[in-house]
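Colleague: please work out how this folds:
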Amino acid sequence: MTNAGGRFTLTLATRPEGGRQALTLSAVGKKTQQVTFVEGHPLRVVLEDAVGEIKEVVVRARPNINALDLRARSGVVAQVDMKLLAQKPMIDLSLALQGAVPGLTVVNRGELGMKPEIRIRGNNSFTKGDAANEPLYVLDGKIISPQAFMTLNPLDIREIKVLKDAVATALYGVKAANGVLEISSRRGASGPMSISLSTQAGVTLRGRQTTTMMDTDEKLELERRMQVTTAPGYLFSPDFISSATLSDLRQSYQSTLGIAPTWTREEYLAYGSRQLDSLRQIHKNWWHDLIRPNSYQSHNLSLRGGSQDVTYYVSGNFSRQGGQLEGNDTKRFTLTNSLDWQSRLGFVSLGLTGGYAKTNSPNSSDFSPQQ
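Modeller: Reported below is the predicted structural model:
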């Protein structure tokens, strides 16, 4: 250590051989220097500043923040395999993300058109609802709503990145505390126009019935044993008619059936027997009547091309997915187009993107894509 004047004293454990000793001196911001100390002579050392020289730095602007990949070196960024995603026969992009990325959880609510629950690394808040735990959705650098994310066509997406840690907050602020789903759409490419047509179709069966439902006879017998006067199995049974008074019978029939007959007990027994015989003729298989096989179809047509300066991309998609319940079908039509212009000078570019989506679903809700 030196004093305020820069003077220092060194104490050696052993006497140097020949009165000479090599010393290596270093300091923060200075170049390391090696000098030779001669016994009995003062030592004067002047360290030079360590000036780091770097090569030329080029700052290049990106039209889409999703194109910046350097953050992957310092954060947790996962990328979705779009080839596998496009092969899944699902009308909702959010449901197709199930199992695509570790740490990304998609919980299906069980009804077509309903927005599933999407979480990145679990819930971060005890607040009720999706808003407190919903990740942030970014399409080509613009924040979109979860409902708008559901209407995206998987074939119009070039890549999807999932940001899980502090990198998301550094880029998008506190809104990205629950993680970010970054979507980059397909753009045009220079060259002759290429036309792509794809079709998907599939069938989903009812599945295996794991629970055996009661038949009509079993249900009537259960109601008789439970002795519920509002249930037909006990209301029309001889057990109830024989034990109840005529006043109680009239009151029960009036409150349950809306009639107040002044019958004898024998007439009540005959009426109840006819009603039970009529009910026993009903044999309904609710599994086959309510749960039905459903089909899926998706048709996509896209045009892509352009010159060295201008490129374009146009895509249209029609998808239909039938629900297992009657009247639970979902239909969707989407139209996407993009136009990009790049100046030959290299520092001016212009990009235009437009889209239209219409979804017909019994479980959907009105929303604005700008929200």
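Colleague: next SSE after the longest helix along the chain?
Modeller: If each helix of the chain is counted by residues according to DSSP state H, the longest one is helix 265-280. Remark: after helix 265-280, the chain's next helix or strand is helix 286-290, criterion DSSP states H and E.
Colleague: the helix or strand that that following helix is followed by: partners in the sheet, and parallel or antiparallel?
Modeller: For helix 286-290, the succeeding helix or strand toward the C-terminus, using DSSP H and E, is strand 294-306. Sheet pairing here is set by DSSP bridges, and for strand 294-306 it gives strand 191-204 (antiparallel), strand 310-321 (antiparallel).
Colleague: out of those, nearest to residue 106?
Modeller: strand 310-321 (16.4 Å; C-beta to C-beta). Quick note: C-beta positions are derived from backbone N, CA and C, even for glycine.
Colleague: which other residues reach that closest one?
Modeller: Around strand 310-321, the neighbours that count as contacts under C-beta atoms under 8 Å, 6 or more residues apart in numbering are 90-91, 112, 153, 155-156, 186-190, 294-306, 329-342.
Colleague: tell me the buried residues in it?
Modeller: Residues of strand 310-321 classed as buried under the neighbour-count rule (16 or more other C-beta atoms under 10 Å) are 311-317, 319-321.
Colleague: what average pLDDT does that strand get?
Modeller: When pLDDT is averaged over strand 310-321, the result is 93.
Colleague: now do stretch 202-209
Modeller: The average pLDDT within stretch 202-209 is 80.
Colleague: buried ones in that stretch?
Modeller: Going by 16+ other C-beta under 10 Å, stretch 202-209 has no buried residues at all.
Colleague: how about stretch 88-99?
Modeller: Residues of stretch 88-99 classed as buried by neighbour count (16+ other C-beta under 10 Å): 88-98.
Colleague: gap between that stretch and the chain center?
Modeller: Using C-alpha atoms, centre = their mean, to the nearest Å, we find the averaged C-alpha position of stretch 88-99 to lie 9 Å away from the chain's own average C-alpha position.
Colleague: what mean pLDDT does it get?
Modeller: pLDDT averaged over stretch 88-99 equals 78, rounded to a whole number.
Colleague: could you export that stretch as CSV, CA atoms only?
Modeller: The C-alpha atoms that make up stretch 88-99 are tabulated as CSV, following Å, rounded to 0.1, in the frame of the first residue of the first chain:
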residue,chain,number,x,y,z
LYS,A,88,-52.1,-30.4,-33.8
PRO,A,89,-55.8,-30.6,-34.9
MET,A,90,-57.0,-27.7,-32.7
ILE,A,91,-58.8,-24.6,-33.6
ASP,A,92,-57.5,-22.6,-30.6
LEU,A,93,-53.8,-21.7,-30.6
SER,A,94,-53.8,-21.6,-26.8
LEU,A,95,-54.9,-25.2,-26.4
ALA,A,96,-52.2,-26.3,-28.9
LEU,A,97,-49.5,-25.0,-26.6
GLN,A,98,-50.3,-27.7,-24.0
GLY,A,99,-47.0,-29.5,-23.3
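Colleague: domains for the chain, by residue range?
Modeller: Partitioning the chain according to automatic domain parsing yields domains covering residues 1-53, 66-185, 191-205+292-360, 216-284.
Colleague: which of these is buried the deepest?
Modeller: domain 66-185 (a mean of 17; mean count of other C-beta atoms under 10 Å).
Colleague: nearest to residue 166, out of the strands paired with strand 294-306?
Modeller: Using C-beta to C-beta as the criterion, the shortest distance between residue 166 and the strands paired with strand 294-306 is 34.1 Å, found for strand 310-321.
Colleague: who does whatever helix or strand comes next after the closest one pair up with?
Modeller: Scanning forward in sequence from strand 310-321, with DSSP H and E defining helices and strands, the next element found is strand 330-342. Strand 330-342 has these partner strands in its sheet, going by DSSP bridges: strand 310-321 (antiparallel), strand 349-360 (antiparallel).
Colleague: next, format those as JSON lines and append distance to residue 238.
Modeller: Rendered in JSON lines, the data for the strands paired with strand 330-342 read as follows (distance: least, C-beta to C-beta, whole Å):
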{"stretch": "strand 310-321", "distance to residue 238": "52"}
{"stretch": "strand 349-360", "distance to residue 238": "53"}
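Colleague: so which of those gets nearest residue 26?
Modeller: Between these, strand 349-360 lies closest to residue 26; by C-beta to C-beta that is 48.7 Å.
Colleague: what's in contact with the closest one?
Modeller: With contact meaning C-beta under 8 Å, 6+ apart, strand 349-360 is reached by 63, 113, 140, 148, 151, 185, 187, 330-343, 369.
Colleague: rerun at 7 Å
Modeller: Contact with strand 349-360 is made by 63, 140, 151, 185, 330-343, as judged by C-beta atoms under 7 Å, 6 or more residues apart in numbering.
Colleague: cool, stretch 336-347 as well?
Modeller: Contacts of stretch 336-347 (C-beta under 7 Å, 6+ apart): 153, 156, 185, 187-188, 309-315, 349-355.
Colleague: before we move on, what about stretch 190-204?
Modeller: Under C-beta under 7 Å, 6+ apart, the answer for stretch 190-204 is 89, 155, 293-308, 311.
Colleague: need the CA coordinates for that stretch. CSV is fine.
Modeller: Presented in CSV, the C-alpha positions along stretch 190-204 are these (Å, rounded to 0.1, in the frame of the first residue of the first chain):
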residue,chain,number,x,y,z
SER,A,190,-38.2,-11.9,-52.1
GLY,A,191,-38.7,-14.1,-55.1
PRO,A,192,-41.5,-15.4,-57.3
MET,A,193,-44.9,-15.8,-55.8
SER,A,194,-45.4,-19.1,-54.0
ILE,A,195,-48.9,-20.5,-53.2
SER,A,196,-49.4,-22.9,-50.3
LEU,A,197,-52.6,-24.9,-49.7
SER,A,198,-53.0,-27.1,-46.7
THR,A,199,-56.0,-29.1,-45.4
GLN,A,200,-56.5,-30.9,-42.1
ALA,A,201,-59.4,-33.2,-41.1
GLY,A,202,-60.0,-35.5,-38.2
VAL,A,203,-62.7,-37.2,-36.2
THR,A,204,-63.0,-37.5,-32.4
